[in-house]
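Student: I need the structure of the sequence given here:
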Amino acid sequence: MQIRKLTHDDLPRASAMCLDAFMLAVAPSLSAQGIDTFAKVVAAQAFAERMEGDNLMLVCVSDGVIVGLIELKQGCHVAMLFVAPGWQRRGIGMGLVNAALKQARGQLVTVRTSLSSVAAYESYGFVLTGEVGEFAGLVFQPMEKRL
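Tutor: Predicted structure coming up:
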């Protein structure tokens, strides 16, 4: 397995992998609005636009297949972390988090994680920092990690 930067050629496959993982693990607990909001965020064109900004996007690739993705916004906020169904619990999430945190800026990294991912982020060293919130149909738990 290799962790590297997301490329424009990766966009359709990265988008599909994130959407597949989301639909399986997160979507069943959300409203139609939340699912629609997320689908817009992971569209290939939305990824392409964020690639032009100050977002670090890394993928984990195994035998040419994208099996994980992390997006670090402005060097201090995990905007997205997904591991493909069937590839979870193999250290891919931890590897992506560690690779992104090596490039973090500042002493604090935050995330607004889905409720189903709280335990995973706790295993990465993040702690709860506030109440469960909701934005555009997406339900999230704020967490942070001091570096």
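Student: Helix, strand, or coil at the residue nearest to Phe47 when sequence neighbours are not counted?
Tutor: Spatial nearest neighbour of Phe47, chain neighbours left out: Leu11 (5.3 Å); criterion: C-beta to C-beta, 6 or more residues apart in numbering. C-beta here means a position set from N, CA and C on the backbone, and glycine is covered the same way. Recorded secondary structure, Leu11: helix (DSSP: H, G, I helix; E, B strand; the rest coil).
Student: per-residue pLDDT, Leu11?
Tutor: On pLDDT, Leu11 comes in at 97.
Student: now do the one 5 residues further on
Tutor: As predicted, Ala16 sits at a pLDDT of 97.
Student: Show me the contact partners of stretch 50-69.
Tutor: Residues from elsewhere that reach stretch 50-69 (C-beta atoms under 8 Å, 6 or more residues apart in numbering): 1-6, 8, 10, 13-14, 17-18, 47, 70-75, 79-84, 87, 92-93, 95-96, 99-100, 103.
Student: For the nearest residue in space to Val26 that is not next to it in sequence, give me phi and psi.
Tutor: With C-beta to C-beta, 6+ apart as the measure, Ser114 is the residue that lies nearest to Val26, at 4.5 Å, once sequence neighbours are left out. The phi/psi pair for Ser114 (degrees, to the nearest 10) reads phi -60, psi 150.
Student: Tell me how many other residues surround Ser114.
Tutor: By other C-beta atoms under 10 Å, 22 other residues sit near Ser114.
Student: cool, Gln103 as well?
Tutor: What Gln103 shows, counting by other C-beta under 10 Å, is a neighbour count of 10.
Student: ditto for the one 3 residues further on
Tutor: Gly106 is flanked by 10 other residues according to other C-beta under 10 Å.
Student: Then Ala104?
Tutor: 18.
Student: what mean pLDDT does the helix or strand harbouring Arg4 have?
Tutor: With secondary structure defined by DSSP states H and E, Arg4 is part of strand 2-5. Regarding strand 2-5, the rounded mean pLDDT is 98.
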